[in-house]
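Visitor: compute the structure for the input listed below.
(chains A and B)
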Protein chains: 2
Amino acid sequence: MPRERLVVIGGNAAGMSAASQARRRRPDLEIIVLEKGIHVSYAACALPYYVAKYFDDIGAAVARSAETFRDKLKIDLRLNSEVLEIDPGVRRVRVKGAAPGAGGGTGESPREYWEPFDNLLIATGAVPIRPPVPGLESQGVYGLSTPDDGVVLRRALETQKPRRAVVVGGGYIGLEMVEALLSHGLQVAVVDMLPQVMGTLDADMAALVAEALQGLGVDLHLGEALRGFEAEGGRLIAVATDKAALPADVAVLGLGIRPNTALARAAGIPLGERGAVRVDDTLRTQVAGIWAAGDCAESFHLVSRKPVSIALGTVANKQGRVAGINLAGGRARFPGVVGTAVTRVFETEIARTGLQEREAQALGLDYVSARIESRTRAGYYPGAGAITVKVLAEKGAGRLLGGQIVGAPGSAKRIDPLAVALQAGLAVEDVVNLDLGYAPPFSGVWDPVLIAARQVLRLL
Amino acid sequence: MPRERLVVIGGNAAGMSAASQARRRRPDLEIIVLEKGIHVSYAACALPYYVAKYFDDIGAAVARSAETFRDKLKIDLRLNSEVLEIDPGVRRVRVKGAAPGAGGGTGESPREYWEPFDNLLIATGAVPIRPPVPGLESQGVYGLSTPDDGVVLRRALETQKPRRAVVVGGGYIGLEMVEALLSHGLQVAVVDMLPQVMGTLDADMAALVAEALQGLGVDLHLGEALRGFEAEGGRLIAVATDKAALPADVAVLGLGIRPNTALARAAGIPLGERGAVRVDDTLRTQVAGIWAAGDCAESFHLVSRKPVSIALGTVANKQGRVAGINLAGGRARFPGVVGTAVTRVFETEIARTGLQEREAQALGLDYVSARIESRTRAGYYPGAGAITVKVLAEKGAGRLLGGQIVGAPGSAKRIDPLAVALQAGLAVEDVVNLDLGYAPPFSGVWDPVLIAARQVLRLL
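Guide: Okay, here's the model as predicted:
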C-alpha cells in the first residue's frame, strides 16, 4: 500500500510550518513541498532591516535551512519547482521543475510532471502589488519581496551611492524602507495616494507618524497619485505624481501585497470576498482534501466578525501550525485575528489592533474614541518618552473595539494587552482593571493603555 | 441640612484616588482626608530609584500636590492628622492633629477631636515588616517606606561613603535596593531565609535572577536566617545570620510589608484570612458605610479564586478609583487581580503573573509547566537579548495558570498579554493563537510567550 501523501505548494512560513507539524505527528506520512524559488522559510519582514545594514548575513533571516527540512524532518523539499496547475478531480498537481528526488539543484533542465496527493496544502503566499504605470521596469526601481531583492537593493545602495530616493506607499513596508534608505544617507520622499501615511491608523494618530517622518527630513507627498517612473537611457531620474515630479535615483515600491491565488482560482477552489482562498477555522478550503494557509488564505477577524486577508508572518506561521496538526489527523482551530500590527521608524514606534474608526464606521458600529498622552515609564524615571494611545469602544455594552499607539521606544508592544483583550472580547471596564505589570522603569502606575481605557469609559 | 460627608483615612494612592473620583462625580460632597504624615499621594515604588540617583527631586515622585487636592478638587486634606480610633456606632473617627481648617501646617500643637462621617474609607496602607532581632535600632540600619526614608538613606550613602551593604530580603524591594546600593559603588550582600531570591518566582526562574546578581558581584546568603545587627558604639558593623557574620556599614530592610489594619481591627471591622480588611468587589467592608481600599484591603485573586493581600500601587489606585465611584453613588466593580508584578536589576528584567508552582500545588491543581529560551527581538536583529519564559497550565481543559519571565531589556512587559489572558480565563490553546504585535525589532515571529504556550500545550 502506498504511503499517504501530503503535497504542499509553497515553502515559506505557512507551508513549512504545516509540513513540520505534520511530520512531528505523522512519521509515516509522505510529505512533498514544492517551492518555485530557491529559498525556504525566510522572513520577508527582515528584508528592510537587511537593506538598512542592521545585519549582514541575509541567510540569518532563514528560520530553518532546506537541509534541516530534508535531513532532520524527512520532508521531500523540492526547490525551483513551480506548480502550474491543481487538478482537484484526479487529486494531482502539475509541476515544472527538476526531477523529483534530484534535490531541486540547478543545472538540471526543468521538466513537467504530475504529482498526486491525498491532501494538498496551498501556501502560495502573496504577490507584491505593482502599479500599472509607465517606467516600472526602469533601472533604479526596486521591489522587495525576496531575499534576492534585498541583496540587489542593498548592493545598489552601497555601490552606486544614489542620493535621492522615493518610496511609493506610506504603509508598513514603505516606512520600513524609509528607515533603510535614511540609514544609507539618502534624501527620502514618500508618495501615497491617501491623505495620510499608515492607512491602518486613524488620521490623528497617523499625523504623529507624519510629524516624526518630517522630523527625520522625509519629504511627504500625501494625497498624490503615482503617474509613472521617468527614465533617461533606461535609468530612473524621477517619480511622477499627479502633482509633482520628484527627482530620484532610486524608487522603492511599498504598495503592499495581495493573496497569490491564481492556482486556486484556476482550479475552481472558492475564494472569499477579499480575494483570498476561503478556509474554515481548521484551514480546510471548500474542496475536500485541499487546504490553504498563510498570506493566500483568509482569516476571520474576531472584532468585525468578517473574513479578512492579512499578510503577516505571524498569522502564516499560526495558520501553518494549525493546518499541519489537522493534516496529520490532530484537532486544532485557528480562531482568527484581531488585526494587530506594529512597526517603527527609528525612535518612533507604531502599533494598532482591532478596528480603526473607518472600519467601525463601515460596520455601522456606534462607537466612541479617546486619545491620551502619557509616558513610557514613570514620569520621573530617566528615559521616559512620550506615548500616545487611542482606544475605540462600542457604545452600549462598552465592548473594546480597537487601539492604536504611537510613541517613543517601549511603546509598540504595549498594544499586546489590548490585542488580548480584543481576542477575549473584554469590555472597556474590564480593560481599566487589567492587572498589568508596573514598576517605574516600565510604566507609570496607570499604564498608558489603561489611562486611555479610563478616558473612553467616561464617554460611554 | 448638613452636607453629606466622606472621611478618608490615609492620603496615599488609594485614599487620594477615591477622594478625587468622588469629587469628580459629587461636587456637593464634603470630603475630608486625614493623613498622619506630611506627604500625600507619593509613589513608594520610586524610592529605590531615587536612592540610586536616577532622579534628584523626590517631589517628582508625588503624583499630585496637596495644593492640587485642596485648591482644585476642594478636598479638605489634613496632613499630620492621625486617626486614633474608628467609632462605627456613632459614625465618627477620633483624630490627633492640627485644628481642622488649619491646613495641617506644622507649628500648631496637635489636639484630639472627633470627626463625624456618613461614609468612611479606610486607606491606611501597609507597614513595613521589621524583624524581631537585636540591633534593629543601630545607626546604619535603614528601612525604606516614606520619601523621608529615601532622603535619609541617599544622604547617608553620599556623605558617609559606606563600603559594604547588606540587604535583608531578596524580594522586589530587596533587589531594587541592591541596584541602588550598587549604583553607589558599594559591595552588596543579600540575606534571605528562603533558599532562593524572589520567592514569588519558581526556583528555576529565580536561579536565573541569582545568576544575574552574582554576575554583578552580589554576595548571596540564601537559606540563612537573620539573627541580628551587630553594632559598635551604636553603629552597625555587621549583620548576623545563623550561618555567618557579614561585615556591613549599611543594612537595608527589604522584608516586605503587611496590611496596616490596627484601626480597623480595633473597631471590629472584619479582616480576611490574609490579615487585610475584608471587602467585596465594590470595596465595601462588612460594616455598612465603611469601605476600604489599597494595601490595607483584600483583593480577590482571579486565578486561585481566593482572597489575597497584594500591596502594589497599581492595585491601590484601581481600588481607590472603584471605591470613589461607588462612594459617589456610581457603580463600579473591582474584579480582582492575577498577581502580576515586574521589576529589574540593571539589565535583568523580572516578571510574573498568576500562580507559581508552589501556589498551584497548594491549591491541589493538576498542572504542567514549560520553560523556553528565546530572544527579545528577531534573532538576526541587533540587540536581541535572551529571554526565558515559563508558563503553567492546568491539565484537562488547559486553563492558563501563570507565567514568569526573566530576561534582557524588553522582557518584563511581555508578561502583560499573559496577565490579560489570565484575567479573561483563556486556555493555553487560545494563548498560542494570540495576535500579538510582531516586527523584527520587537519580537521573533513567534513571540516568546507564545512559544512557551506552544510548549506547555504539548504536555497537556
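
Visitor: helix or strand for A:Arg23, just tell me which one.
Guide: Secondary-structure element containing A:Arg23, defined by DSSP states H and E: helix A:13-25.

Visitor: all helices for chain A, in order.
Guide: Under the criterion DSSP state H, helices of chain A are mapped to A:13-25, A:47-51, A:66-67, A:147-160, A:172-183, A:203-215, A:262-266, A:313-327, A:357-362, A:415-423, A:428-432, A:448-458.

Visitor: and the longest one, average pLDDT?
Guide: In this model, helix A:313-327 has a mean pLDDT of 97.

Visitor: before we move on, what about the fifth one?
Guide: In this model, helix A:172-183 carries a mean pLDDT of 97.

Visitor: do you know how far A:Ala412 is from A:Arg25?
Guide: Relative to A:Arg25, A:Ala412 is positioned 35 Å away (criterion: C-beta to C-beta, to the nearest Å). The way it works is simple: take the backbone N, C-alpha and C, and place the C-beta from them, glycine included.

Visitor: who's more crowded, those two?
Guide: Here A:Ala412 and A:Arg25 are compared on neighbour count by other C-beta atoms under 10 Å in any protein chain shown; more neighbours surround A:Ala412, at 26 against 15.

Visitor: ok, that one - contacts?
Guide: For A:Ala412, the set of contacting residues under the criterion of C-beta atoms under 8 Å, 6 or more residues apart in numbering or on different chains consists of A:Val342, A:Thr343, A:Arg344, A:Glu349, A:Ile350, A:Ala351, A:Ile405, B:Gly437, B:Ala439, B:Phe442.

Visitor: per-residue pLDDT, it?
Guide: pLDDT for A:Ala412: 98.

Visitor: now it: closest residue in space, sequence neighbours ignored.
Guide: Distances taken as C-beta to C-beta, 6 or more residues apart in numbering or on different chains place A:Glu349 nearest to A:Ala412, at 3.8 Å, with adjacent residues excluded.

Visitor: same thing with A:Arg258?
Guide: Setting aside the residues directly before and after it, A:Arg258 is nearest to A:Ile129 in space (C-beta to C-beta, 6+ apart), at 5.7 Å.

Visitor: neighbours of the one you found, how many?
Guide: Around A:Ile129 sit 14 other residues, with neighbours defined as other C-beta under 10 Å.

Visitor: what of A:Gly217?
Guide: Residues near A:Gly217, counting by other C-beta under 10 Å, number 9.

Visitor: surely it and A:Gln187 touch.
Guide: Yes - look at A:Gly217 against A:Gln187 with C-beta atoms under 8 Å: they come within range, at 7.2 Å.

Visitor: from A:Val337, how far off is the residue most central in space within chain A?
Guide: Taking C-alpha atoms, centre = their mean as the criterion, A:Leu312 is the residue nearest the geometric centre of chain A, at 3.0 Å. If you measure A:Leu312 against A:Val337 using C-beta to C-beta, the figure is 8 Å.

Visitor: so, in contact with chain B or not, stretch A:179-194?
Guide: No - for stretch A:179-194, no contact with chain B is found by C-beta under 8 Å from any C-beta of the partner chain; the gap never falls below 9.8 Å.

Visitor: got the buried residues for that stretch?
Guide: Judged by neighbour count using 16 or more other C-beta atoms under 10 Å in any protein chain shown, the buried positions of stretch A:179-194 are A:179-184, A:186-193.

Visitor: in CSV, list the C-alpha atoms belonging to it.
Guide: Taking Å, rounded to 0.1, in the frame of the first residue of the first chain, the C-alpha atoms of stretch A:179-194 are listed here in CSV:
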residue,chain,number,x,y,z
GLU,A,179,14.4,53.9,7.6
ALA,A,180,16.6,51.7,5.4
LEU,A,181,17.1,54.5,2.9
LEU,A,182,17.8,57.1,5.5
SER,A,183,20.4,54.7,7.0
HIS,A,184,22.2,54.9,3.8
GLY,A,185,22.2,58.7,4.0
LEU,A,186,19.7,59.2,1.2
GLN,A,187,17.3,62.1,0.9
VAL,A,188,13.9,60.3,1.0
ALA,A,189,10.4,61.3,-0.2
VAL,A,190,7.3,59.2,0.3
VAL,A,191,4.3,59.2,-2.1
ASP,A,192,0.9,57.9,-1.1
MET,A,193,-2.5,58.3,-2.6
LEU,A,194,-4.1,58.5,0.8
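
Visitor: quick one: distance of that stretch to the chain centre.
Guide: The gap between where stretch A:179-194 is centred and where its chain is centred comes out at 20 Å by C-alpha atoms, centre = their mean, to the nearest Å.

Visitor: if we can go back for a sec, ok, the residue nearest to A:Arg258 - contacts?
Guide: With contact taken as C-beta under 8 Å, 6+ apart, A:Ile129 is in contact with A:Leu253, A:Leu255, A:Gly256, A:Ile257, A:Arg258.

Visitor: most widely separated two among the residues you listed?
Guide: The distance between the two most remote of the contacts of A:Ile129 (C-beta to C-beta) is 13.1 Å, for A:Leu253 and A:Arg258.

Visitor: who has more neighbours out of the two?
Guide: Set side by side, A:Leu253 and A:Arg258 show more neighbours around A:Leu253, with 24 against 17, by other C-beta under 10 Å.

Visitor: the more buried one bridge partners, please.
Guide: With DSSP bridges as the criterion, the beta-bridge partners of A:Leu253 are A:Val168.

Visitor: and the pLDDT for it?
Guide: 97.

Visitor: that one against A:Ala165, yeah?
Guide: No - using C-beta under 8 Å, A:Leu253 makes no contact with A:Ala165, being 11.8 Å away.

Visitor: how deep is the nearest residue to A:Ala206 once chain neighbours are set aside tucked in, by neighbour count?
Guide: The spatially closest residue to A:Ala206, leaving aside those adjacent along the chain, is A:Gln196, at 4.0 Å (C-beta to C-beta, 6+ apart). A count of neighbours around A:Gln196, defined by other C-beta under 10 Å, yields 19.

Visitor: check A:Arg235 too.
Guide: Counted with other C-beta under 10 Å, residues neighbouring A:Arg235 total 12.

Visitor: which ones are touching it?
Guide: Contact partners of A:Arg235, counting by C-beta under 8 Å, 6+ apart, are A:Ser138, A:Gln139, A:Gly140.

Visitor: one more pass at 10 Å, please.
Guide: Under the criterion of C-beta atoms under 10 Å, 6 or more residues apart in numbering or on different chains, the contact partners of A:Arg235 comprise A:Ser138, A:Gln139, A:Gly140, A:Val141, A:Asp249.

Visitor: now the residues you listed: which count as buried?
Guide: Applying 16+ other C-beta under 10 Å to the contacts of A:Arg235, the neighbour count classes A:Ser138, A:Gly140, A:Val141, A:Asp249 as buried.

Visitor: what are the ranges of the strands in the stretch 301-450 of chain A?
Guide: In the stretch 301-450 of chain A, the segments counted as strands under DSSP state E, counting those that start in this stretch are A:306-308, A:341-345, A:348-354, A:367-375, A:386-394, A:400-407.
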